[in-house]
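**Student:** take a look and give me a structure for this.
(one chain, ligands or ions: 1)
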Amino acid sequence: MPLPDAPLILSAENLACRRGGRLIFEGLTFRLRPGEAIALTGRNGAGKSSLLAMLCGRLRPEAGTIRVEGASDVAPLELSHVVGHRDGLKTALTAQENLAFAQALLGDAVLSSADALARVGLPHVAALPVGYLSAGQRRRVALARLLVARRPFWLLDEPMAALDLAAQAMLAGLMREHLAQGGAILAATHGPLGLDGARELRIGP
Ligand SMILES: Nc1ncnc2c1ncn2[C@@H]1O[C@H](COP(=O)(O)OP(=O)(O)OP(=O)(O)O)[C@@H](O)[C@H]1O
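**Tutor:** Numbers count the residues shown, from 1 in each chain. You can find the predicted model right below:
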């Protein structure tokens, strides 16, 4: 899908989240603007992953609204890359095949699969089935999906998990590039993202 020309803002208004009958959070309001990064923080169980699930349409808010200002008729998921705890990779396919699949699915191609793997430092595993890769290598392949198709919003759940220090620096660099190009990032995290200008959004006490 071609991206709309208008500046896009991911907007959440007065969100409440209920899981297993328990109110997890309520009254959550924020706007994610072009070029902006939000570090979503909070203790274990505060609802960070649940918020990401709501933003990408997998979980219905108990109350409140989520919309994209500038493209109100488009679901946020269609304008987002989501990298969650589950990497969504197909273990029998090679790294390159997984990325080619993602590119065909997501459209609006940017880098080729081979170039995206090179950017995340994995050119040598392109032809290996993902099932053979280490945890950190798998995460890098999942992150390479960010590079094969253009999406303004990156919604990331613990993106630094399983990455060694060099890979953390590489990811911070990719995120900075995305922000410099007018993209926006919301990342649930328990640690630093390596982004100086990131604004903290804390859920819970
Ligand atoms: N499918 C579910 N059914 C019932 N409760 C759930 C379900 N999924 C999550 N929860 C509960 O919702 C709460 C929020 O979970 P969530 O995974 O969003 O927290 P989190 O902030 O991402 O935690 P962490 O920092 O540990 O990753 C937790 O109490 C969790 O047990």
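
**Student:** can I get the CA coordinates of the longest helix belonging to the chain in CSV?
**Tutor:** If you go by DSSP state H, the chain has its longest helix at helix 165-180. Below are the C-alpha coordinates for helix 165-180, written out as CSV (Å, rounded to 0.1, in the frame of the first residue of the first chain):
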residue,chain,number,x,y,z
LEU,A,165,26.4,-5.4,22.5
ALA,A,166,27.4,-5.0,18.8
ALA,A,167,23.9,-5.9,17.7
GLN,A,168,22.3,-3.5,20.2
ALA,A,169,24.4,-0.7,18.7
MET,A,170,23.4,-1.8,15.2
LEU,A,171,19.7,-1.7,16.1
ALA,A,172,20.1,1.7,17.8
GLY,A,173,21.6,2.9,14.5
LEU,A,174,18.7,1.5,12.5
MET,A,175,16.2,3.1,14.8
ARG,A,176,18.0,6.5,14.5
GLU,A,177,17.9,6.3,10.7
HIS,A,178,14.2,5.5,10.8
LEU,A,179,13.5,8.5,13.0
ALA,A,180,15.7,10.7,10.8
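
**Student:** now do the buried residues in that helix.
**Tutor:** Within helix 165-180, the residues that count as buried by 16 or more other CB atoms under 10 Å are 167, 168, 170, 171, 172, 174, 175, 176, 178, 179. Backbone N, C-alpha and C define where each C-beta goes, glycine included.

**Student:** stretch 35-51 too?
**Tutor:** 36-42, 46-51.

**Student:** do you know the pLDDT at residue 74?
**Tutor:** As predicted, residue 74 sits at a pLDDT of 89.

**Student:** from here on, count from 762
**Tutor:** Sounds good: first residue 762 from here, last item residue 835.

**Student:** ok, what's across the strand from the nearest residue to it once chain neighbours are set aside?
**Tutor:** Leaving aside its chain neighbours, residue 835 sits nearest to residue 829 (5.8 Å; criterion: CB to CB, 6 or more residues apart in numbering). Counting by DSSP bridges, residue 829 is bridged to residue 771.

**Student:** okay, now residue 829: neighbour count?
**Tutor:** By other CB atoms under 10 Å, the residues close to residue 829 number 22.

**Student:** mind putting the buried residues of stretch 796-812 into TSV with secondary structure and distance to the ligand?
**Tutor:** Below are the buried residues of stretch 796-812 laid out as TSV (DSSP: H, G, I helix; E, B strand; the rest coil; distance: CB to the nearest ligand atom, whole Å):
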residue	secondary structure	distance to the ligand
797	coil	21
798	strand	18
799	strand	14
800	strand	13
801	strand	8
802	strand	9
803	coil	5
807	coil	4
808	coil	4
809	helix	4
810	helix	3
811	helix	3
812	helix	7
